[in-house]
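Asker: okay, structure incoming, though there's no sequence with it:
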């Protein structure tokens with residue numbers, strides 16, 4: 001309307017002033033006092049003010065561990081900027097409610113996002129999570145140790161070698177199995193040699209509990225540490241029969257030979273053949289007079305070379321001899337200077 005001022009909406013927090021007399025427009029004034037706090041049933045009552053990053057991380061992790069697989073991603077995105085505050089909270093409750101409790105197999109370990117919300121979150125943090133996984137593998141709970149090790153399969157970080165080596169001696173069989181499975185992936189890392197040396201120390205130290213020493217011998221055997229052959233020969237004379245037996249089993253697996261519990265024939269064999277590569281020991285084992293040694297040699301060679309399929313338990317000795325000749329030709333062709 002001509003001659004009338006155009007009205008504009010006022011900013012939030014500003015209310016129109018009460019009209020004074022016949023003034024055209026006295027303008028507006030800011031509210032003198034803040035609005036009252038929302039009541040519990042008010043729509044805005046759900047908003048929280050976080051005083052510290054640690055408090056915010058705690059609340060978000062509480063939401064995380066109760067979330068289903070489809071709801072994890074947005075919560076983790078909120079946790080990522082909180083770094084160590086978030087990681088500390090996740091680690092404190094690890095592994096949290098499991099989505100699909102199951103034991104891993106040698107052929108396939110479950111991915112973190114198949115384990116729990118906590119495992120999925122740790123994997124999302126990447127290398128930042130490595131120190132926390134290392135710590136969790138020393139947790140008092142076998143479940144926490146086990147699922148921390150399984151989660152490590154999503155990482156490739158040499159800093160995990162030491163904790164995995166310690167876990168390979170764990171009192172829990174499944175923890176040991178997963179740790180040894182993962183350690184195999186680090187055999188070409190310099191830190192791996194240090195870890196193996198530490199396991200050898202446990203095996204040879206008579207001051208250590210016998211059960212721990214046996215686990216160490218078993219770990220070295222399962223890792224196929226051929227450099228432990230001489231240690232195993234020395235341990236054949238250990239006063240504990242279990243240590244001696246585990247060492248003999250280790251020698252049999254490593255060399256595809258078996259000279260019993262007597263150290264002398266083993267020492268003679270090592271003096272003649274100890275400088276050779278383990279594959280050469282196994283090729284020689286294919287010609288052994290004992291069927292169990294031939295089978296072991298065939299399976300171990302397949303595991304190392306993928307050259308010839310392992311022979312069956314019903315295979316005749318002549319078939320092993322033929323396989324031996326084929327391996328000898330293969331070795332001479334591919335390693336002419338050895």
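Answerer: Okay, I see it. These numbers come from a predicted model, not from an experiment.

Asker: surely residue 317 meets residue 295?
Answerer: No - contact between residue 317 and residue 295 fails when scored by CB atoms under 8 Å: they sit 11.2 Å apart. Every C-beta, even on glycine, is put in place using the N, C-alpha and C of the backbone.

Asker: who's more crowded, the two?
Answerer: Of the pair residue 317 and residue 295, residue 295 is the one with more neighbours under other CB atoms under 10 Å, namely 20 against 13.

Asker: and the more buried one, what is it in contact with?
Answerer: 310, 311, 313 (CB atoms under 8 Å, 6 or more residues apart in numbering).

Asker: quick one: it is in a strand?
Answerer: No - counting by DSSP: H, G, I helix; E, B strand; the rest coil, residue 295 is located in no strand; its state is helix.

Asker: where in the protein is pLDDT low?
Answerer: Along the chain, the model assigns pLDDT under 70 to residues 1-50, 101-107.

Asker: run the last query once more with 90
Answerer: 1-51, 66-69, 99-110, 335-338 (pLDDT under 90).

Asker: domains in it, by residue range?
Answerer: 52-154, 187-275, 276-338 (automatic domain parsing).

Asker: quick one: the helices in the stretch 51-200 of the chain, in order.
Answerer: Here the stretch 51-200 of the chain has its helices, by DSSP state H, counting those that start in this stretch, at 53-65, 72-79, 83-92, 112-115, 117-125, 130-136, 142-151, 161-167, 173-183, 190-204.

Asker: ok, residues contacting the helix or strand following the longest one?
Answerer: Proceeding N to C from helix 190-204, the next assigned helix or strand is helix 210-222, under DSSP states H and E. For helix 210-222, the external contacting residues (CB under 8 Å, 6+ apart) are 168-171, 176, 180, 196, 199-200, 202-206, 208, 228, 231-232, 235, 240, 242-243, 246-247, 249-250, 253-254.

Asker: tilt between helix 210-222 and helix 190-204?
Answerer: 140 degrees (axes from the mean of the first three to the mean of the last three CA atoms, to 10 degrees).

Asker: quick one: buried residues of helix 210-222?
Answerer: Using 16 or more other CB atoms under 10 Å as the test for burial, helix 210-222 gives 213, 214, 215, 216, 217, 218, 219, 220, 221, 222.

Asker: where's the nearest residue to the fifth one once chain neighbours are set aside relative to residue 239, distance?
Answerer: The shortest distance from residue 217 to any residue that is not its chain neighbour, by CB to CB, 6 or more residues apart in numbering, is 4.3 Å, and that residue is residue 246. Distance, residue 246 to residue 239, using CB to CB, to the nearest Å: 14 Å.

Asker: do the same with residue 130
Answerer: 41 Å.

Asker: settle it for me: which of the two has more neighbours?
Answerer: The residue with more neighbours, out of residue 130 and residue 239, is residue 130; 18 against 8, by other CB under 10 Å.

Asker: what is the neighbour count of the closest residue to residue 149 other than its chain neighbours?
Answerer: Spatially, and ignoring its direct neighbours in sequence, residue 149 is nearest to residue 178 (4.4 Å; CB to CB, 6+ apart). Using other CB under 10 Å, residue 178 has 28 neighbouring residues.

Asker: got a list of what residue 258 touches?
Answerer: With CB under 8 Å, 6+ apart, residue 258 has these contacts: 248, 251, 252, 290, 293.
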